[in-house]
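Asker: sequence and computational prediction follow.
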Amino acid sequence: GIVGSVGVMVSNFSTGIVVGAALGSLLTLVLTSQPKRKRVMMRTRVKMHRLEENKRYHQGVWPDVEKGLRRYGIKLLTIHAPTDASNMFNMYIEMDEGTDMGRDLGNGSEYRQNARVKQWEEFMATMFEGGSWEEMKEVYTLTPTASTNSLPPEYPA
């Protein structure tokens, strides 16, 4: 009857709470045990007469390049082109905390010992006005739970 149904519902509800709590704890453990990531923003100017060529190559990045970047600690890499006629490109990278751009991805690194990777990186450098990317300094970051504020807010008079 009704009493038996209520008892089953309470039992199922209690089991659901226990399972939910266990899954929540597991998710918290997984999220908090993820390795810290280092963030880098870079910029470069692509030669004006090579803008479309550069964009085309980045629509079909060579598999050895993608595999190598992942292997040597790159977790996220995005390149942004301007929407106007300018040529300043920005690249945002998230990598494992222990990844060092020069050591792990620069000239002489294991990453560049792959012939296709070396060819790609050298070819891409020919498209840049300065021959390489310039690292930028992080000024501010906002996450769902924190920010990099280190001073109290200052409001204009």
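Answerer: Perfect, thanks for sending it.
Asker: low-confidence ranges, this protein, go.
Answerer: Along the chain, segments meeting pLDDT under 70 span 1-35.
Asker: so K55 makes contact with A81?
Answerer: Yes: with contacts counted by CB atoms under 8 Å, K55 reaches A81, the gap being 6.2 Å. C-beta: built from backbone N, CA, C; applies to glycine.
Asker: please, which helix or strand holds the residue most central in space within the chain?
Answerer: In the chain, the C-alpha nearest the mean C-alpha coordinate belongs to L76, at 2.7 Å (CA atoms, centre = their mean). Here L76 sits within strand 74-80, counting by DSSP states H and E.
Asker: which SSE is immediately downstream of the helix or strand harbouring M124?
Answerer: Assigned by DSSP H and E, M124 belongs to helix 115-125. Once the chain leaves helix 115-125, the next helix or strand it forms, by DSSP H and E, is strand 134-135.
Asker: just the helices from this protein, written as ranges.
Answerer: Along the chain, counting by DSSP state H, helices occupy 2-32, 51-57, 63-71, 115-125.
Asker: what's the third one packed up against?
Answerer: Contact analysis of helix 63-71 by 3 or more CB pairs under 8 Å, 6 or more residues apart in numbering; DSSP states H and E lists helix 115-125 as its packing neighbours.
Asker: buried ones in the helix it packs on?
Answerer: For helix 115-125, a neighbour-count test (16 or more other CB atoms under 10 Å) marks 117, 120-121, 124 as buried.
Asker: how much space is there between H80 and R45?
Answerer: 13 Å (CB to CB, to the nearest Å).
Asker: between the buried residues of helix 115-125, which sits nearest P156?
Answerer: M124 (43.0 Å; CB to CB).
Asker: contacting residues around the closest one?
Answerer: 54, 57 (CB atoms under 8 Å, 6 or more residues apart in numbering).
Asker: tell me how far it lies from E138.
Answerer: In terms of CB to CB, M124 sits 24 Å off from E138.
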